[in-house]
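Colleague: mind folding the following:
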Amino acid sequence: QVQLVESGGGLVQTGGSLRLSCAASGFTFSSVSMGWFRQAPGKEREFVSAISRSADIAYYADSVKGRFTISRDNAKNTLYLQMNSLKPDDTAVYYCAQPRRPFFIPRQTNDVGSWGQGTQVTVSS
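Modeller: Numbering: from 1, shown residues only. Next up, the predicted model:
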């Protein structure tokens, strides 16, 4: 059974940093690309970042490019999202995402097969 457990969210001031983690189990983590999405109150869930199986390719939403960095440790079955220069607009619940099919890179919600429970990130102004 696929399990994705996010952690690392919290309250931070504008300009601050957070590092999110996603512990994965129940599947061969190193064989699939992974992604991060977020959902702010009253808004649809949106793509944030994705990373290929071997971490050689990364994708970012324009809104986070240059501020966020996605990474993974296949030995630890863990996905990360380093978030720097945070803004109030980054306030959302952040979700770890496993693709619906092994060779998909999850950049749209329709690409996602499993979600974590989410971790809240709140950026105060």
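
Colleague: name the helix or strand for the residue nearest the centre of the chain, please.
Modeller: To find the centre residue of the chain, average its C-alpha atoms and take the closest one (Cα atoms, centre = their mean): that gives Trp36, at 2.2 Å. Trp36 belongs to strand 34-39 when assigned by DSSP states H and E.

Colleague: which is the next helix or strand following that strand?
Modeller: Proceeding N to C from strand 34-39, the next assigned helix or strand is strand 46-51, under DSSP H and E.

Colleague: next, the buried residues of that next one.
Modeller: Of the residues in strand 46-51, those scored as buried under the neighbour-count criterion (16 or more other Cβ atoms under 10 Å) are 47-51. Every residue, glycine included, has its C-beta placed from N, CA and C.

Colleague: tell me the one of the residues you listed nearest Gln108?
Modeller: Proximity to Gln108 was ranked across the buried residues of strand 46-51 by Cβ to Cβ; first place goes to Phe47, at 6.5 Å.
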